[in-house]
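Enquirer: Take this sequence and fold it.
(2 chains)
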Number of protein chains: 2
Amino acid sequence: MNKEQLISLLKATLAELTGSEPKVLTDDDSLVNYGRDWTRFLDPSPLAVVLPASIEEVQAITRFANEHKIGLVPSGGRTGLSAAAVATNGEIVVAFDRMNTISGFNAIDRTVACGPGVITEQLQQFAEDQGLFYPVDFASSGSSQIGGNIATNAGGIKVIRYGMTRDWVAGLKVVTGTSELLELNNGLMKNNTGYDLQQLFIGAEGTLGFIVEATMRLARPPQELTVLMLGAEDMDGVMSILKTFQEKMDLTAFEFFSEQALSKVVEHSGIPRPFETPTPFYALLEFECTSEAVSDTAMELFEHCMEQGWVLDGVMSQSLQQLQNLWRCREDISETITRWTPYKNDISVVVSKVPGFLAEIDDVVSREYPDFEIIWFGHIGDGNLHLNILKPDALDREEFLQQCNRVSKWIFEIVQNYGGSVSAEHGVGLLKKDYLTYTRSAAEIEMMRGIKKVFDPNGIMNPGKIFDL
Amino acid sequence: MNKEQLISLLKATLAELTGSEPKVLTDDDSLVNYGRDWTRFLDPSPLAVVLPASIEEVQAITRFANEHKIGLVPSGGRTGLSAAAVATNGEIVVAFDRMNTISGFNAIDRTVACGPGVITEQLQQFAEDQGLFYPVDFASSGSSQIGGNIATNAGGIKVIRYGMTRDWVAGLKVVTGTSELLELNNGLMKNNTGYDLQQLFIGAEGTLGFIVEATMRLARPPQELTVLMLGAEDMDGVMSILKTFQEKMDLTAFEFFSEQALSKVVEHSGIPRPFETPTPFYALLEFECTSEAVSDTAMELFEHCMEQGWVLDGVMSQSLQQLQNLWRCREDISETITRWTPYKNDISVVVSKVPGFLAEIDDVVSREYPDFEIIWFGHIGDGNLHLNILKPDALDREEFLQQCNRVSKWIFEIVQNYGGSVSAEHGVGLLKKDYLTYTRSAAEIEMMRGIKKVFDPNGIMNPGKIFDL
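Expert: Below is the predicted model:
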């Protein structure tokens, strides 16, 4: 069967099921837009894009794919950074934009059912409207979708306090690679009845099946959030700040970024510098300033850090506007640097090992990339560092990628020596697949292959992502 | 090969590996003691008991079992309530009492490595000695072991605030049914590199492999804990109390129990009644009373609940001694009723559905068990109810079990209608296996079987537990 015949048959199959015209896109623009994510290293080339409106339609697509041995690529907001949602090989992209309703909110349970296509910001707003809070937040929350967040176990800027997406999933409906609908955990707080299959789908990057509905937990909103931005001479200073504050206060965020990162943001987004003097590194701390005692403690610790020489300058937010501006210094980094086609490393170690780890990485990077601009930032309270290498305009994309890949191996050897992760929150997708062995053993990968076969024996679900069969 | 020959060969194999005498027990007392857990419905009959002292020994035992097709039953503190650690069928019991060291504590990461045989209380004490807190706590913490806690994803009395054991595991070393050692997650806070295999082993009841080391997280200790014990006329009152307090305060516990439960504890343990007047139900609330404002709020809500008629009487702890006595009213229930060979149902629904659910269950139970004494208690803040049916002395154990099983089906039909769990925290083991389908679909169980085959193709790991192959 040729491409056109396959697409016609797919349309007919879905039309028969739903009694209406299915939404199948095959124009070039759609194939490119829906066939890629925020990475730009690989060229999208899907067969077609389908936008199902119901779970039944998802099941029908899955049956169709099994029958015709076609790969399926689940597609959310396509803000991924490891090419897990990129379709390079004639797959059918299944995009969830139409399955985007929020329903079944329960105030006592503080749970709500989300279609996979619900935008993160939409859920955050919904929670706020109920006097509650959805705490998983990151730069792409305006376009990332809940299904994708779950499939990649998205982290972000509040992990130190609220954990990852995993911690907010109370139930999942999934369609497996065998087109079976599983309703997992039903929103229960306690349910010890065998293997927690829900946990397997979280972070599986769509390789086991589709997330077709998620019951998400909401939290009580934080109160009187306050940001402290501190300028530090070096990373040891940043770590000392972290330790000092964590011993005495409950932080809702502890982020760091370099002067290179800040100057790019200030230049491109027009927000003011937090304070006059540039310093090599910045730490952004957030906490709930619910009483004068808390505020006093924060000021005392701030002064202590100044006296120790860890902090060179600093500022504490006095208004919501100021808090938002300070946050933008950190949050706008990712989008600001996108224009330089950054090569992203998203690495982590246990927090206590960060200083030695960072020093070793820094050595390699400055030795090997003397001509490349390096942007460091990350969630240092979680041991998670984002190392971004910017592509010089003059350099060809392929050549740049090759040079980065070469040095990546050395970086990942350091990660391995420190027992760290080659992908703390971005997932593996296509871009990190070759480096998976630096974090996961051959035996583990073999077990993963076995699990994949249980849920997707024909290998139709997001083929080639995470590992090869 | 006969039994004696097998045991000799096992001993020789282990001796060759370690160069010393292995600890293998075959006397009748040991076979009984190590072959059963807190349930008393099934007669233990293991082949032998091995107490390994190292991971290598565990791997050797697993290889031996594969070679000779002998079942292995992992054994911790044997405080389980679903017979997951009962060896009824000539298995080798592998008990972890000798692998009980705590090591590698790191104050910045707040993590510590535990041998599987570390007693829960031992870890709690260790945490306290470091000025920290291990928050998973339950009646059997004096004898339950960390490995068993993880294998059963133990819950307990602080879940409403701190979650289940799952939430405190930062890394696991496991030996699979294929004798492969996997080192999972290494204590990382963020690690999105494929399927989170660690999550599969948590709550798998030893059917996939052995937990041979766990990296556990510790928390900052709670401050100024205070208990409020309230007497209520009915369950609707208890639920109204929960809602009222949860809207305004962060609770560290919300437990409930019936007058029948309390009177048993008062009679047998000699602790004083919380207040003179008996009421049909009691709610025990705990919170951090860190300021006068919190205390005032608690008192206001207490008075509000009195005015509404939900609360008939109540008391707030004024000292640590009083707090401990109030807690004993709840915590001593399980041990107190053990002498009546209780048939335990450990069921859960989402919190908002508890009142309707409880009413329906109560109808069935009072209709069908008019002659049996029923003890209700549970973690109502998590939607988790413990329904205990006491065996009349005159009734034979078999006959009692049969009568209970008959009614269980009706109870579990209600559970199923409410989308609940037939085992909220006790696991499935042998006792709940027949009822698994009331919470998990046939498709889910089939996927679980598939996963089991990946990690334990010869079916040697805790055979017959959770589901049959």
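Enquirer: tell me which residues in the helix ranked longest in chain A are buried?
Expert: Using DSSP state H to define each element, chain A has its longest helix at helix A:397-417. For helix A:397-417, a neighbour-count test (16 or more other Cβ atoms under 10 Å in any protein chain shown) marks A:400, A:401, A:403, A:404, A:407, A:408, A:410, A:411, A:412, A:414, A:415 as buried. (Each C-beta comes from the backbone N, C-alpha and C, glycine too.)
Enquirer: which strands and helices sit next to that helix?
Expert: Packing partners of helix A:397-417 (3 or more Cβ pairs under 8 Å, 6 or more residues apart in numbering or on different chains; DSSP states H and E): strand A:343-348, helix A:354-368.
Enquirer: Any chance of CSV for the buried residues of helix A:397-417, columns distance to residue A:282 and pLDDT?
Expert: Below are the buried residues of helix A:397-417 laid out as CSV (distance: Cβ to Cβ, whole Å; pLDDT from 0 to 100):
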residue, distance to residue A:282, pLDDT
A:400, 27, 90
A:401, 29, 86
A:403, 28, 89
A:404, 25, 89
A:407, 25, 87
A:408, 26, 89
A:410, 27, 92
A:411, 23, 94
A:412, 27, 96
A:414, 24, 97
A:415, 24, 97
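Enquirer: re the thing from before, can you redo the helices and strands packed on helix A:397-417 as JSON lines with mean neighbour count?
Expert: Shown next, in JSON lines, are the helices and strands packed on helix A:397-417 (neighbours: other Cβ atoms under 10 Å in any protein chain shown):
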{"stretch": "strand A:343-348", "mean neighbour count": "25"}
{"stretch": "helix A:354-368", "mean neighbour count": "17"}
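Enquirer: Can you check which of these gets nearest to residue B:65?
Expert: strand A:343-348 (36.6 Å; Cβ to Cβ).
Enquirer: could you give the mean pLDDT of that closest one?
Expert: Throughout strand A:343-348, pLDDT has a mean value of 92.
Enquirer: Export only the CA atoms of it, formatted as CSV.
Expert: Extracted in CSV, the C-alpha atoms of strand A:343-348 (Å, rounded to 0.1, in the frame of the first residue of the first chain):
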residue,chain,number,x,y,z
TYR,A,343,23.2,22.2,22.6
LYS,A,344,21.7,21.3,26.0
ASN,A,345,23.1,19.1,28.7
ASP,A,346,20.7,18.5,31.5
ILE,A,347,22.7,16.7,34.1
SER,A,348,22.3,15.9,37.8
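Enquirer: Contacts only, for residue A:104.
Expert: A:111, A:112, A:113, A:215 (Cβ atoms under 8 Å, 6 or more residues apart in numbering or on different chains).
Enquirer: ok so, going back, following the chain onward from the longest helix of chain A, which element is next?
Expert: Moving toward the C-terminus from helix A:397-417, the next helix or strand (DSSP states H and E) is helix A:442-455.
Enquirer: Next, find the distance separating residue A:43 from residue A:397.
Expert: Distance, residue A:43 to residue A:397, using Cβ to Cβ, to the nearest Å: 11 Å.
Enquirer: With residue A:286 instead?
Expert: 37 Å.
Enquirer: now do residue A:95
Expert: 26 Å.
Enquirer: Which residues of the stretch 1-150 of chain A lie near chain B?
Expert: Within the stretch 1-150 of chain A, the residues that sit near chain B (Cβ under 8 Å from any Cβ of the partner chain) are A:106, A:108, A:109, A:111.
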